[in-house]
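Novice: Predicted model, plus sequence, below.
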Amino acid sequence: MDSGIFHTTYEKDMALRRTPAQKVRLVLLIAFLLVFPFLANRYYLTLANQVAIAVIGAVGLNILTGYTGQISLGQGGFMAVGAYSAGILTARLGMPWWGSTIAACFITALIGTFFGIPSLRLKGLYLAIATLAAQEIIIWVVTHWRALTGGVDALVVPDPVSFGIRINSDFNFYWVAWSIVGIVTIAAVNLFRTPYGRAFIAIRDQDIAASVMGVDLFKYKLLAFAISSFLVGLAGALTAHYRNIVTWERFTIDISVLYLAMIIIGGLGSITGSYLGATFITLLPAVLTNLGRALKSTFPAIDSVLPFIQQATFGLVIILFLIFEPEGLNKIWKNIKDYFRLWPFSY
Amino acid sequence: MQRGFLNQLNSSTLKPGETQLKIDDVQLNFGGVTALLDVSLEVRQSEILAIIGPNGAGKTSLLNCISGLYRPQHGRITYYNGEAHELTRLKPHQIARLGIARSFQNIELFRHMTVLDNLLAGAHIHMKTNLLSCLLYWGPAQREHLQYRRFVEDIIDLLEIEAIRYNTVGSLSYGLQKRVEMGRALAMRPSILLLDEPMAGMNAEEKEDMARFILDITEEHGVTIVLIEHDMGVIMDISDRIAVLNFGQKIAEGTPDEIRQNPLVIEAYLGEETSVFPFKFHPKTETSD
């Protein structure tokens, strides 16, 4: 029996997946993602696609808020920038979906960086208020600049087409969305084992010490905003192409709070946490609805109060997490892994 | 005895004894409070210079001026590494890039990172891979990561923290955190290392270890060390020169033996007429040197 895992080269020691168990888990996850669309019906595919978009958005927000420590309430606004950029470029200028998506990412990164400038002076709650202003300004512009965005009317985006295949079904979009999730995950994980990511974490943990270590706070805070907004814009652009319709109601302050809830419940400063949090928050309403339906036959009265129960449960879950596991789902996942790593010797 | 190190920890090109840092008439005020008054001091390559003085004498303020966290109202701080750099106009990260590293009085490590990542973060200024390469963890990024991993392993060996390299810093004991913080500063490959009370709150054994590491760093790598410390025994044993601050002014400078016999220093430490100290400058200290 092994007494531990010992690496003999630095390469092996620095690999992301260092143990056989980690490799097995990764293979299982990928296998599941590959098989899932063939087994699931349309309802579950819709959920899977929503989760994919939420994961990208949550990873983006986590890079900024969880890793760099810059609280952002502008998530909804930045997603709106991504969605409207992609929508306008495709619907009005006839750009292919992938072109408009990439362009949308860069546009959002630029606008995110602009709204990140206050972070050089403001910290914590003060910065949160500044990003809240970004959220409101963006939504105001979107609803009032009728010539560009169509104002409060919905913007209709044609179906994306890739290699001659029209991506109009959930099944087709699943492959697009989850491939992008894969790329985003690899990039994000790599970011945090290289100097850029370390500088971000350093700014979060001790910004003065970071500056004395040679980290240019100005540059790296703006860079964090840029990278984060890039991914958030990507999530927004995918929403536009997935829904075929862009409306400002989808990007209000509620969305900003929802995404903050995702990364808090998932685990701040953790990529796995972003996955878990995004999945949890996206699936929770669906689970509650199904539960309500199941109970309807026994308690007919539940139908009218179901929406309230949903919201209350949502709030309750967040409060319970903050009390019992402030480090989020990621910590619970870690505890489970640790338990089985030592099993059956629990000491 | 010369230990084999793969990597040079010292980035300075000056010869031992040459002037490396020159502080001229630095004055620092916080509102009406004068923290430093006309302080002049010279730091020479490869020496251990200790700055001592009672609490509130301005020792940490002086270090903060050097590393750019405070901007003095008056005076110049010039750093030489082949050419002269005026530090008072530079930002902290620019000063760091010149090779001035420091540790803090209250540990300011990156608490949620492992010891290894803290040390790698310390080497930040030397890592030059571009963002795209980092995101792909491809070619240059991977090679650089590997190269600096080897480099920080040297520091891990030097400071004898092999056993804790994967530990999260926040979970370590105070003494070990201090050691890691010094390691992080060392990972910058500094030409001057500013240590703010590296032995505060340690027991005798930990202090001995720390003193040994500090001596190793200067003797084997030639890194200049500017040190603030309260433990007189350690100071007298390891430092080449000592500067004494009292109420923001330098009252003495010299070798440990000279300082030991200096009447102004004795007075400042033994505290004759201590009752007037907290409120006004002591009249006698204004005569300086």
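Specialist: Ah, there it is. These numbers come from a predicted model, not from an experiment.
Novice: Okay, helices next: where are they in the stretch 101-250 of chain B?
Specialist: Assigned by DSSP state H, counting those that start in this stretch, the stretch 101-250 of chain B shows helices spanning B:115-122, B:131-136, B:140-159, B:174-186, B:204-221, B:232-238.
Novice: Please identify which of the ones you listed is closest to chain A.
Specialist: helix B:131-136 (3.7 Å; Cβ to the nearest Cβ). In short, each C-beta sits where N, CA and C put it, glycine included.
Novice: picking that back up, of the helices of the stretch 101-250 of chain B, flag the one that's most buried.
Specialist: helix B:115-122 (a mean of 26; mean count of other Cβ atoms under 10 Å in any protein chain shown).
Novice: Which of the helices or strands spans the nearest residue to residue A:85 once chain neighbours are set aside?
Specialist: Distances taken as Cβ to Cβ, 6 or more residues apart in numbering or on different chains place residue A:104 nearest to residue A:85, at 3.8 Å, with adjacent residues excluded. Here residue A:104 sits within helix A:97-116, counting by DSSP states H and E.
Novice: ditto for residue B:50
Specialist: strand B:48-52.
Novice: who's in contact with whichever helix or strand comes after that strand?
Specialist: Proceeding N to C from strand B:48-52, the next assigned helix or strand is helix B:59-66, under DSSP H and E. Residues from elsewhere that reach helix B:59-66 (Cβ atoms under 8 Å, 6 or more residues apart in numbering or on different chains): B:21, B:23, B:26, B:28, B:35-36, B:39, B:41, B:51-53, B:70-72, B:77, B:87-88, B:95, B:100, B:102, B:105, B:194, B:196, B:226, B:228, B:245, B:248.
Novice: Sort out for me which of those residues are in strands.
Specialist: B:21, B:23, B:26, B:28, B:35-36, B:39, B:41, B:51-52, B:77, B:100, B:102, B:194, B:196, B:226, B:228, B:245 (DSSP state E).
Novice: neighbours around residue 245, how many?
Specialist: Using chain A. Applying other Cβ atoms under 10 Å in any protein chain shown, we find 14 residues neighbouring residue A:245.
Novice: Actually, chain B is the one I wanted.
Specialist: By other Cβ under 10 Å, the residues close to residue B:245 number 27.
Novice: now it: how far from chain A?
Specialist: The spacing between residue B:245 and chain A, counted by Cβ to the nearest Cβ, to the nearest Å, is 21 Å.
Novice: Next one: that residue relative to residue B:267, how far apart?
Specialist: 14 Å (Cβ to Cβ, to the nearest Å).
Novice: so what's residue B:67 up against?
Specialist: Listed by Cβ under 8 Å, 6+ apart, the contact set of residue B:67 reads A:212, B:92, B:95-96, B:100, B:102, B:194.
Novice: could the residues you listed go into TSV alongside pLDDT, distance to residue B:186 and neighbour count?
Specialist: Formatted as TSV, the contacts of residue B:67 follow (pLDDT from 0 to 100; distance: Cβ to Cβ, whole Å; neighbours: other Cβ atoms under 10 Å in any protein chain shown):
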residue	pLDDT	distance to residue B:186	neighbour count
A:212	93	13	27
B:92	93	18	23
B:95	94	17	24
B:96	93	13	27
B:100	93	13	30
B:102	93	11	28
B:194	94	12	27
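Novice: which of the residues you listed sit farthest apart?
Specialist: For the contacts of residue B:67, the maximum inter-member distance is 11.9 Å, found between B:92 and B:194 (Cβ to Cβ).
Novice: on that earlier part again, help me confirm that the residue nearest to residue A:85 comes into contact with residue A:234.
Specialist: Yes: counting by Cβ atoms under 8 Å, residue A:104 does reach residue A:234; the two are 7.4 Å apart.
Novice: I appreciate the help and will end here.
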